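Chemist: compute the structure for the input listed below.
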Amino acid sequence: MQKVLGWLLVAAVAGAAAELPVRRVVLYKHGVGYFERSGELQPGEEAWLEFKAEEMDDVLKSFLVQEAEGGRITAIRYDSSLPIDVRLREFPFKLGDGQPVSALLDSLKGARIEIQLGNQTFAGVIVGARRSAPEAQLEREWLTLVGDNGELRTLELTAASWLRFQDERLARLFREYLALQGGARIRQARALLIEADNSRRRKITAAYVIPVPVWKSSYRLNLESNGGGLLEGWAIVDNTSGEDWSSVNLSVVSGRPISFISRLYEPKFVSRPEAKLPEELAQGPVLHPGAIGGLAVEAEAPEEPPAARERRQAAPLRAPAAADLAQPPAAGLPAASSVVPETEAREAGELFAYDFAHPVTIRDGQSAMLPFVQQRVSARKLLIYLEGRGESPLNAVELINDTGKTLDGGPVTVYEAGAYAGEALFGTLKAGDKRLLSYGVDLGTRVTTQFESGGSLVREVHLRRGVLTVRQVVREIRNYTIRNAEQKPKTLVVEQPARPGFQLIEPKPAETTAGAYRFEVKLAAGAVEKLPVIEERVFDNTYAVTNLTPDVLASYVQNKSLSPAARTQLEALGKLKRRVSDLDSEITRLERRANEIAGDQARIRQNIESLNRVTGQQAQVQKYAEQLAAGEVELTAARDRLAELRSQRTALEAEVNSLIEKIEF
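Modeler: Below you'll find the predicted structure:
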């Protein structure tokens with residue numbers, strides 16, 4: 001015991017390290033917490049902090065340190081990420097289990113030490129150290145020193161009160177060795193040492209961000225019969241830091257700043273290529289091209305706005321007095337909690353913070369519920385119907401955040417008429433914003449729906465550069481039938497999803513969310529109300545005018561959305577297309593007739609050829625010859641007419657194309 005105590009004294013006397021207690025904790029919603037430590041260091045002391053290995057990446061990324069009164073921080077040292085046994089092998093000595101002090105000192109030959117025996121103090125350089133022979137009845141340890149005058153002294157270590165390394169470097173190595181072994185026993189802790197100007201007393205403040213559990217919020221809402229309600233919010237905080245939070249200034253922040261993990265703690269090595277100079281060849285000259293442009297200039301960080309700087313430097317204010325927040329509850333409601341929050345709410349950039357007015361104590365491994373808001377809010381009871389959730393709407397309350405503060409999202413337990421009414425959930429609610437909270441099912445109201453869909457209607461017709469664009473619309477109606485079976489009036493909000501591609505025509509919604517319309521319906525006692533919701537889907541079809549028939553064009557001419565000028569142009573185009581169509585019909589008829597005549601002539605010629613080989617058939621051959629001549633006359637006339645019609649069609653087609661290029665409406 002004396003040996004162990006003696007060496008602990010060596011570490012303490014050779015250079016003490018003081019821990020900085022936690023003074024402030026700020027918890028966020030994205031898995032990190034801000035910690036601030038401060039304390040006073042005596043001359044010669046260093047600030048000592050311990051962290052878990054998995055916290056070191058965030059510590060190295062966020063660590064801040066400051067010495068009051070403009071002092072100087074000389075260095076920040078921390079344990080390596082290498083395994084403990086590997087790091088211990090780097091030291092020039094070793095402390096094994098049960099190792100005698102004489103063995104340690106013998107390995108430090110040449111080190112200068114100071115030792116006290118009784119009332120005398122001896123100083124010198126270690127020559128050697130040994131233990132008494134194993135057969136000796138009383139085990140003793142001896143140390144041999146050489147003094148400044150060259151005198152050798154052999155001293156009994158067993159009788160020493162203390163000894164001290166006079167070599168500051170060796171003392172520092174010894175402290176680091178003990179710190180490594182101590183950290184290995186305590187959660188594989190990693191030590192961080194802050195070195196500052198040690199000529200005087202000084203105050204050190206250190207701050208950093210490390211992973212912690214997110215803080216959670218839960219609410220209670222007491223609904224009052226005459227409208228409104230009392231909202232009470234609690235922050236749930238978990239201390240898993242490995243140490244007690246004793247009288248710390250605690251804040252909880254609503255919002256999610258960007259945060260990420262950067263591997264800074266683990267040493268990183270870069271592989272480099274091996275370059276060899278060939279010895280047998282002379283090196284030729286290298287021509288380096290000139291640079292294009294100047295060197296890049298680092299952008300200066302933007303100056304912090306004065307308003308932001310003032311908010312950052314402002315001291316927290318006290319919360320309103322309890323008498324301003326707590327009022328007598330309405331009759332029949334459970335009494336409000338006697339716990340009165342004392343917090344100061346404030347904007348923190350894009351975030352919102354609640355600072356607890358009094359210091360908070362949370363032991364390591366424990367959690368706490370801390371009230372951060374208790375105010376009367378505007379709350380209107382109503383029902384909300386959601387498609388796909390059955391015929392019965394949900395009991396709900398429209399909560400308006402008129403607290404002047406941002407409310408962090410969380411579960412809400414609702415009380416009504418002196419009893420538990422249900423539970424709801426809401427996301428982060430900014431000051432002045434409102435939210436619907438549904439907490440139960442209303443079995444006294446039933447909602448049914450009926451769907452109607454009509455055919456498509458032509459809404460607009462446009463023509464440009466030969467392309468006809470027809471805008472059509474399909475109208476759909478959703479009819480809601482609402483039956484109030486109870487003998488009391490109600491207010492129902494029907495929430496209908498906003499479908500992509502559809503436009504709401506009527507009625508006008510009470511409010512619109514990112515993906516739905518909300519319609520408010522007043523229900524009289526025992527009444528049945530109907531709510532028709534009309535939507536339209538508009539779509540465009542495009543056609544090449546050259547491919548449209550005159551009948552299709554005629555149908556678009558009748559559209560009421562056309563202007564008189566557009567109708568006149570489209571009618572003219574339709575007439576030309578009709579003439580082209582008539583020509584096509586006549587050409588088709590003549591081509592078919594010409595083909596028939598040609599077929600008949602081929603058949604007649606075949607018959608004449610056959611009859612010429614038979615005697616006595618001259619009369620029949622003459623008859624076929626007359627038919628052949630008549631067909632040839634008709635075929636010639638048909639071909640001439642076809643040529644004429646095709647010429648007319650070509651000219652008319654050119655006129656149609658010219659008109660198409662000119663028409664635009």
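
Chemist: ok, so what distance separates residue 214 from residue 236?
Modeler: Per CB to CB, to the nearest Å, residue 214 is found 10 Å from residue 236. Every C-beta, even on glycine, is put in place using the N, C-alpha and C of the backbone.

Chemist: please read the previous query as pertaining to residue 176.
Modeler: Counting by CB to CB, the gap between residue 176 and residue 236 amounts to 40 Å.

Chemist: ok, those two, which is more surrounded?
Modeler: Remark: of residue 176 and residue 236, residue 176 carries more neighbours, 19 against 16, as counted by other CB atoms under 10 Å.

Chemist: quick one: the more buried one from residue 104, how far?
Modeler: As for residue 176, its distance to residue 104 is 15 Å (criterion: CB to CB).

Chemist: please enumerate the strands of the stretch 451-600 of the chain.
Modeler: Assignment of strands within the stretch 451-600 of the chain using DSSP state E, counting those that start in this stretch yields the ranges 467-484, 490-497, 502-506, 511-512, 516-523, 528-544.

Chemist: ranking those strands by burial, who's on top?
Modeler: Comparing the strands of the stretch 451-600 of the chain on average neighbours per residue, with mean count of other CB atoms under 10 Å, the densest one is strand 490-497 at a mean of 20.

Chemist: report the mean per-residue pLDDT for that strand.
Modeler: On average, the pLDDT along strand 490-497 is 93.

Chemist: and what of stretch 233-241?
Modeler: 94.

Chemist: in that stretch, what's buried?
Modeler: Of the residues in stretch 233-241, those scored as buried under the neighbour-count criterion (16 or more other CB atoms under 10 Å) are 233-239, 241.

Chemist: what's the spacing between it and its chain's center?
Modeler: Offset of stretch 233-241 from its chain centre (CA atoms, centre = their mean, to the nearest Å): 23 Å.

Chemist: again, but for stretch 522-538
Modeler: Using CA atoms, centre = their mean, we find the averaged C-alpha position of stretch 522-538 to lie 38 Å away from the chain's own average C-alpha position.

Chemist: who touches it?
Modeler: Under the criterion CB atoms under 8 Å, 6 or more residues apart in numbering, residues 445, 459, 471-492, 494, 496, 499, 501-507, 517, 519, 521 lie in contact with stretch 522-538.

Chemist: just to revisit the earlier point, how about JSON lines for the strands of the stretch 451-600 of the chain, with distance to residue 572 added?
Modeler: Listed next are these as JSON lines, based on distance: least, CB to CB, whole Å:
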{"stretch": "strand 467-484", "distance to residue 572": "15"}
{"stretch": "strand 490-497", "distance to residue 572": "47"}
{"stretch": "strand 502-506", "distance to residue 572": "35"}
{"stretch": "strand 511-512", "distance to residue 572": "46"}
{"stretch": "strand 516-523", "distance to residue 572": "46"}
{"stretch": "strand 528-544", "distance to residue 572": "18"}
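
Chemist: show me what residue 531 bridges to in the sheet.
Modeler: Beta bridges link residue 531 to residue 480 when assigned by DSSP bridges.

Chemist: ok, it to residue 394 distance?
Modeler: Remark: distance between residue 531 and residue 394 (CB to CB) = 17 Å.

Chemist: can you pull the contacts of residue 111?
Modeler: With contacts defined as CB under 8 Å, 6+ apart, the neighbours of residue 111 are 105, 125-126, 165, 167, 170.

Chemist: and what of residue 427?
Modeler: Residue 427 neighbours (CB under 8 Å, 6+ apart): 409, 435.

Chemist: next up, the contacts around residue 567.
Modeler: Shown here is residue 567, whose contacts under the criterion CB under 8 Å, 6+ apart are residue 557.

Chemist: now the closest residue to residue 421 other than its chain neighbours, what's its secondary structure?
Modeler: Across the structure, with CB to CB, 6 or more residues apart in numbering as the measure, the residue nearest residue 421 apart from its sequence neighbours is residue 414 (4.5 Å). What DSSP: H, G, I helix; E, B strand; the rest coil gives for residue 414 is strand.

Chemist: and residue 414, how many neighbours?
Modeler: Neighbours of residue 414 under the rule other CB under 10 Å: 23.

Chemist: so who does it touch?
Modeler: 221, 223, 397, 420-424, 437, 439-440.

Chemist: model confidence for it, exactly?
Modeler: Value listed for residue 414 in the pLDDT field: 93.

Chemist: what bridges to it?
Modeler: With DSSP bridges as the criterion, residue 414 is bridged to residue 221, residue 422.

Chemist: how near is it to residue 216?
Modeler: Residue 414 sits at a distance of 18 Å from residue 216 (criterion: CB to CB).

Chemist: same thing with residue 361?
Modeler: Taken as CB to CB, the spacing of residue 361 relative to residue 216 amounts to 19 Å.

Chemist: neighbour count for these two, which is higher?
Modeler: When residue 361 is set against residue 216 and neighbours are counted by other CB under 10 Å, the residue ahead is residue 216, at 19 against 13.

Chemist: show me the contacts for the more buried one.
Modeler: Going by CB under 8 Å, 6+ apart, residue 216 touches 235-236, 410.

Chemist: what's across from residue 494 in the sheet?
Modeler: Following DSSP bridges, residue 494 is listed with bridge partners residue 385, residue 519.

Chemist: of the contacts of residue 414, grab the buried ones for PyMOL.
Modeler: Buried residues within those, as defined by 16+ other CB under 10 Å, are selected in PyMOL through the command that follows:
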select buried, resi 221+223+397+421+422+424+437+439
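
Chemist: could you dump the contacts of residue 414 to CSV with distance to residue 270 and pLDDT?
Modeler: CSV is the format used below for the contacts of residue 414 (distance: CB to CB, whole Å; pLDDT from 0 to 100):
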residue, distance to residue 270, pLDDT
221, 58, 94
223, 64, 92
397, 61, 92
420, 63, 94
421, 64, 92
422, 60, 93
423, 55, 93
424, 55, 92
437, 56, 92
439, 59, 92
440, 62, 92
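
Chemist: residue 54 against residue 211, yeah?
Modeler: Yes. A contact is recorded between residue 54 and residue 211 when judged using CB atoms under 8 Å, the distance being 7.2 Å.

Chemist: where's residue 612 relative to residue 126, distance?
Modeler: Distance from residue 612 to residue 126, counting by CB to CB: 147 Å.

Chemist: cool, residue 553 as well?
Modeler: Residue 553 is 114 Å from residue 126, by CB to CB.

Chemist: same question for residue 501.
Modeler: Separation of residue 501 from residue 126 (CB to CB): 90 Å.

Chemist: and those two? Which one has more around it.
Modeler: With other CB under 10 Å as the criterion, residue 501 and residue 126 differ in neighbour count, and residue 126 comes out ahead with 18 against 10.

Chemist: neighbouring strands - and their directions - for the helix or strand harbouring the more buried one?
Modeler: When secondary structure is defined using DSSP states H and E, the element that contains residue 126 is strand 120-131. Take DSSP bridges as the rule and strand 120-131 pairs in its sheet with strand 112-117 (antiparallel), strand 141-146 (antiparallel).

Chemist: pick the most buried one from these.
Modeler: Relative to the other members of these, strand 141-146 carries the highest mean neighbour count by mean count of other CB under 10 Å, namely a mean of 20.

Chemist: mind listing residues that contact that one?
Modeler: By CB under 8 Å, 6+ apart, the list of residues contacting strand 141-146 from outside reads 100-102, 105, 113, 115, 122-132, 152-158.

Chemist: got a list of contacts for the next helix or strand after it?
Modeler: Counting by DSSP H and E, the element after strand 141-146 in chain order, helix or strand, is strand 152-156. Counting by CB under 8 Å, 6+ apart, the neighbours of strand 152-156 from elsewhere in the structure are 115, 117, 122, 124, 127, 140-147.

Chemist: with that, I have no additional questions.
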